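J.: Any chance you can model this:
(chains A, B and C)
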Amino acid sequence: MDFIGANILSVSQFERADIERVFNVADAMTPYAQRDKVTRVLEGAILGNMFMEPSTRTRLSFGAAFNLLGGTVRETVGITASAMAKGESLYDTARVLSGYSDVVCMRHPKEGSVAEFAAASRVPVVNGGDGANEHPTQALLDLYTIRKELAGNSRTLDDFRIAMIGDLKHGRTVHSLCKLLCLFDKVQITLVSPPELAMPEAIVEKLRAVGHEVTVTDQLETSIAHVDIVYSTRIQEERFSSQDEANRYRGRFRLNRAIFTQYAQPNTVIMHPLPRDSRAEANELDTDLNEHPSLAIFRQTDNGLLVRMALFAMLLGVESQVEKYSREVNWFSRRNRI
Amino acid sequence: MDFIGANILSVSQFERADIERVFNVADAMTPYAQRDKVTRVLEGAILGNMFMEPSTRTRLSFGAAFNLLGGTVRETVGITASAMAKGESLYDTARVLSGYSDVVCMRHPKEGSVAEFAAASRVPVVNGGDGANEHPTQALLDLYTIRKELAGNSRTLDDFRIAMIGDLKHGRTVHSLCKLLCLFDKVQITLVSPPELAMPEAIVEKLRAVGHEVTVTDQLETSIAHVDIVYSTRIQEERFSSQDEANRYRGRFRLNRAIFTQYAQPNTVIMHPLPRDSRAEANELDTDLNEHPSLAIFRQTDNGLLVRMALFAMLLGVESQVEKYSREVNWFSRRNRI
Amino acid sequence: MDFIGANILSVSQFERADIERVFNVADAMTPYAQRDKVTRVLEGAILGNMFMEPSTRTRLSFGAAFNLLGGTVRETVGITASAMAKGESLYDTARVLSGYSDVVCMRHPKEGSVAEFAAASRVPVVNGGDGANEHPTQALLDLYTIRKELAGNSRTLDDFRIAMIGDLKHGRTVHSLCKLLCLFDKVQITLVSPPELAMPEAIVEKLRAVGHEVTVTDQLETSIAHVDIVYSTRIQEERFSSQDEANRYRGRFRLNRAIFTQYAQPNTVIMHPLPRDSRAEANELDTDLNEHPSLAIFRQTDNGLLVRMALFAMLLGVESQVEKYSREVNWFSRRNRI
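T.: A predicted model of the protein is given here:
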């Protein structure tokens, strides 16, 4: 695809080559995210960061990524009640607000709303999550993290093993990740969930259709024994018919240091889309793993900056000029953090 | 008037020469708003964007205009509940907050509050709307749009015809626009409204006193037949004594493509202060005109950026240095959009 | 202490030399706060301005201070309801959000929360107020203001007289200020409050232990007669057992122009942490003093910018480079305001 001026609405729009380009640009963003250098390549550019429903971490990540390229951010949080109450259409909102921005990131509670906004916008639009539908930059940062963590273990996206654990029925992130995995070869995927929360059959079929080996199970311990990546997700207890039923799965899908040490390989990598539920009664990914080197969940969010920087640079066509407008800095830096 | 360090509180403060200066500076801002160039003339300057009631579009427009000059924005949305609850006066608020800014833009639900704030502020204050009172930058951008659209038809602000349609009694924008029109010559004004929602008599008299030709009517179709500008506004149905009464006017004040094509000149320009009510039962300016070249409503909001950039540059005395601190950019730009 | 990469959590962490260093850097920030010059020393750096409870003035002050050094600000206001509702821990929040920032300023309603956040953060954290506990930058700006105002009267922090008035029991600011005063010599402190709202005994003892002369009284007029600084605070009427009881103290702790002129020295300086209650029934610091040269309350908030700029520069290790990345500006400036 041609990134310049494009919208980023769905993982379905990417071919393998597109993703590789994004990841290569993301790699090149590292010194800027680490504060070895700053760039002003997007000095004067404005991101319209439109969050029609709150999402602090995603909003801040998009905003910070744009800032790291030298751009500025104008922001709105929550439905713009006054205009909506007066009957303003999403079309009008898009036509007006896109006039104040060079690129828009939008989160909207209603499925399809971001695409509708993008159709009327005069600048590129990045989907920051539209209801249960898509959150493509989360999927990209997950895949980018897998690629990077695998490289440390001398493996690649074309030959690795992953276990996805938890509520695979409702989890937007695992659905999108599976779609992206279809662009690569020889992935062995173990889907671990209670049967009631299984991955939708259509996605499983798609994975198998491209030749991936898919195992469906409800056993956590055996599933993590021979994988490179464990991708844990939150059990959405509120979806069960009763708390009693929910309680049946609790213990089995809780990954903690004891289980990890006993069953997993030492260099297996643990991921989670966050937020994780750290309350004692849930705790699907135990805090006793917080200092474990395998825990990649904060490397994931750090990588989100790199991926979003890459996308912004490519949508505005400046990825080759980032270096030209840079300077080194010697202030207290974030080096060694990503 | 001397713009340096001044407050922008009311359209009444402008003489004709002031407006012409603002518009000339606004013209010069075009390459920056179009992204042919960026400037850092206001690098390091801070706009205090104080919205004591929400107004997403106006807030973002002021903020983006300041960013386009290289400045940064600090912002607050909603009444600052904690301090107000503790009994803080607007005087104290102004003394403190103006210390954090180089210029303040304020919207406040209460008439006169922005002027009260400005009296205590130590930096210039721009009125972003104070209740039913004033919203001077909206009036300026409307007039600037008229001037620009007329130029395309080889007419000027000193010789043109305008029809204002809708709720002319309560519409803050049409009141302010009429006041500004009194500074120019030979304007033919047709005021189209139900009698109950007529333009206040004092404003009509003022228009006639300066020699303008004013026609008052409740006929939409004939009114748009020979004008250069149609300025549509929202019928504020909630002000009618009953829904039945409101319904009587609905059809007649709905401008759509069929009516426009049948009655108006092809080069007549359609304006609206926005938001417009796009719900089927209201729809005073039909969405079937969305792609019509006569529809200038989004050019209006784009022009708002130019006018606000001009004001900020003039209040801080940098309008002649914008070019000096500029550089060209070749990233995906907004060219051809304004 | 070593400021580079440090957290600013409590006034207790400072030694006298630390404070003197901060104040010297704050002095050097004056031309930037006054807009004689702008600096881009922190261009590309990001402040995460995390206000888990609203505080407009403090939030804007931190943000503006960072902007004045050339940095950008990403911000959140209010508890991040969605993530908290899903059970996210403060540890996770800190790990994630600190990845988007170079320094974090946090206000949190719960005592100790900012320290908890700082323990998990990967960047320096500044406490912007954690419940009834600490608000160290307020204490620093108060002390910095005293030092500056005393200099005008040829006195120093090692030999001056101060009266603190009002609710000394609950006032977080006076507690912190007293702790800082213990680092200096020969301060004469008069504590003026109703007995029910007296300064905690532990603080009084600490002041006496370092050799300061402490007088406890409930007489306003005589207390302000021979002091250099009057530090007024809000009487928190809601804490009294009855309104009748509260009313007994009202008149006596109201400082106005008549009382000030009759009892105080002309060059006595009046301070207040703000907000002050300007409603007629409270009005502990009368608005008839607004234009009095002794009233330093807005110089206090202006000084807050300088102190916060100093801290940010020191935490990131750039205080010696501010000048190098500066340029002069000749736009409408804030000169003569601080």
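
J.: Now do the residue in the stretch 101-250 of chain A positioned nearest to chain B against A:Ile297, distance only.
T.: Relative to chain B, the nearest point of the stretch 101-250 of chain A is A:Arg122 (5.6 Å; C-beta to the nearest C-beta). For glycine as for every other residue, the C-beta is placed from the backbone atoms N, C-alpha and C. The gap separating A:Arg122 from A:Ile297 is 37 Å, by C-beta to C-beta, to the nearest Å.

J.: which bits of the stretch 51-200 of chain A sit near chain C?
T.: Residues of the stretch 51-200 of chain A lying close to chain C by C-beta under 8 Å from any C-beta of the partner chain are A:54-57, A:59-61, A:63-64, A:67-68, A:70, A:72-73.

J.: State the pair within these that is farthest apart.
T.: A:Pro54 and A:Gly70 (26.8 Å; C-beta to C-beta).

J.: of these two, who's got more company?
T.: More neighbours surround A:Gly70 than the other of A:Pro54 and A:Gly70, with 22 against 16 (other C-beta atoms under 10 Å in any protein chain shown).

J.: Isn't that one up against A:Ile46?
T.: No: taking C-beta atoms under 8 Å as the definition, A:Gly70 is not a contact partner of A:Ile46, at 11.5 Å.

J.: that older thread, so of the residues of the stretch 51-200 of chain A next to chain C, which ones are in strands?
T.: A:Thr72, A:Val73 (DSSP state E).

J.: Out of the residues of the stretch 51-200 of chain A next to chain C, which is nearest to A:Arg40?
T.: Taking those together and measuring to A:Arg40 by C-beta to C-beta, the closest member is A:Gly70, at 3.7 Å.

J.: tell me the phi and psi of the closest one?
T.: A:Gly70 adopts backbone torsions of phi 100, psi 0, taken as degrees, to the nearest 10.

J.: who are the neighbours in contact with it?
T.: A:Val38, A:Thr39, A:Arg40, A:Val41, A:Leu42, A:Glu43, A:Ala45, A:Tyr325, C:Gly44 (C-beta atoms under 8 Å, 6 or more residues apart in numbering or on different chains).

J.: for the first one, helix, strand, or coil?
T.: What that stands for is A:Val38. Three-state assignment for A:Val38 (DSSP: H, G, I helix; E, B strand; the rest coil): strand.

J.: Which strand or helix spans the residue lying closest to it once chain neighbours are set aside?
T.: Among residues not flanking A:Val38 along the chain, C:Gly44 sits closest, at 2.9 Å (C-beta to C-beta, 6 or more residues apart in numbering or on different chains). Using DSSP states H and E, C:Gly44 sits in no helix or strand.

J.: residues contacting C:Gly44?
T.: Contacts of C:Gly44 (C-beta under 8 Å, 6+ apart): A:Tyr32, A:Arg35, A:Val38, A:Thr39, A:Arg40, A:Asn67, A:Leu68, A:Gly70, A:Val329, C:Gly71, C:Thr72.

J.: Surely A:Leu141 and A:Leu311 touch.
T.: No: using C-beta under 8 Å, A:Leu141 makes no contact with A:Leu311, being 10.2 Å away.

J.: Can you tell me which of the contacts of C:Gly44 is nearest C:Arg248?
T.: Using C-beta to C-beta, those come closest to C:Arg248 at C:Gly71, 49.5 Å.

J.: What is the helix or strand harbouring A:Arg308 packed up against?
T.: Under the criterion DSSP H and E, the helix or strand holding A:Arg308 is helix A:297-315. Counting contacts by 3 or more C-beta pairs under 8 Å, 6 or more residues apart in numbering or on different chains; DSSP states H and E, helix A:297-315 packs against helix A:16-28, helix A:30-33, helix A:56-68, strand A:125-130, helix A:136-152, strand A:269-271, helix C:90-97.

J.: at 6 Å instead, please
T.: On a contact count with 3 or more C-beta pairs under 6 Å, 6 or more residues apart in numbering or on different chains; DSSP states H and E, helix A:297-315 meets helix A:16-28, helix A:56-68, helix A:136-152.

J.: how big is the angle separating that helix from strand A:125-130?
T.: 150 degrees (axes from the mean of the first three to the mean of the last three C-alpha atoms, to 10 degrees).

J.: Tell me which stretches of the stretch 101-250 of chain A form strands.
T.: Along the stretch 101-250 of chain A, the stretches classed as strands by DSSP state E, counting those that start in this stretch are A:103-108, A:125-130, A:160-165, A:187-192, A:213-217, A:229-232.

J.: what about those, which gets the closest to B:Ser278?
T.: So among the strands of the stretch 101-250 of chain A, strand A:103-108 is nearest, using C-beta to C-beta, at 17.3 Å.

J.: what's the offset of the closest one from the middle of its chain?
T.: Centroid separation between strand A:103-108 and its chain, computed with C-alpha atoms, centre = their mean, to the nearest Å, is 15 Å.

J.: other SSEs contacting that strand?
T.: strand A:46-51, helix A:113-120, strand A:125-130.

J.: hmm, back to that, among the contacts of A:Gly70, which two are most distant?
T.: Pairwise over these, using C-beta to C-beta, the maximum falls at A:Val38 and A:Ala45, 15.0 Å.

J.: Can you name the residues bridging to the closest residue to chain C within chain A?
T.: Proximity of chain A to chain C (C-beta to the nearest C-beta) peaks at A:Val38, 2.9 Å away. For A:Val38, the beta-bridge partners are A:Arg327 (DSSP bridges).

J.: A:Pro31 versus that one, what's the distance?
T.: 10 Å.

J.: the more surrounded of these two?
T.: A:Val38 (22 against 18).

J.: I'd like to know how many residues surround the closest residue to A:His108 other than its chain neighbours.
T.: Among residues not flanking A:His108 along the chain, A:Met52 sits closest, at 4.4 Å (C-beta to C-beta, 6+ apart). The local packing of A:Met52 (other C-beta under 10 Å) involves 24 other residues.

J.: Which of the helices and strands in chain A ranks last by mean pLDDT?
T.: Counting by mean pLDDT, DSSP states H and E, chain A has its least confident helix or strand at helix A:81-85, which shows a mean of 56.

J.: returning to that earlier point: specify the angle between the helix holding A:Arg308 and helix A:56-68 in degrees.
T.: 50 degrees.

J.: export helix A:297-315 as CSV, just CAs?
T.: Taking Å, rounded to 0.1, in the frame of the first residue of the first chain, the C-alpha atoms of helix A:297-315 are listed here in CSV:
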residue,chain,number,x,y,z
ILE,A,297,4.4,-6.3,28.8
PHE,A,298,6.1,-3.0,29.3
ARG,A,299,8.4,-3.5,26.4
GLN,A,300,5.1,-3.9,24.4
THR,A,301,3.9,-0.4,25.4
ASP,A,302,7.3,1.0,24.8
ASN,A,303,7.2,-0.6,21.3
GLY,A,304,3.8,1.1,20.8
LEU,A,305,5.6,4.4,20.6
LEU,A,306,8.0,3.1,17.9
VAL,A,307,5.2,1.7,15.8
ARG,A,308,3.1,4.8,16.1
MET,A,309,6.0,7.1,15.3
ALA,A,310,6.7,4.9,12.2
LEU,A,311,3.1,5.2,11.0
PHE,A,312,2.9,8.9,11.5
ALA,A,313,6.2,9.4,9.7
MET,A,314,5.0,7.3,6.8
LEU,A,315,1.5,8.8,6.5
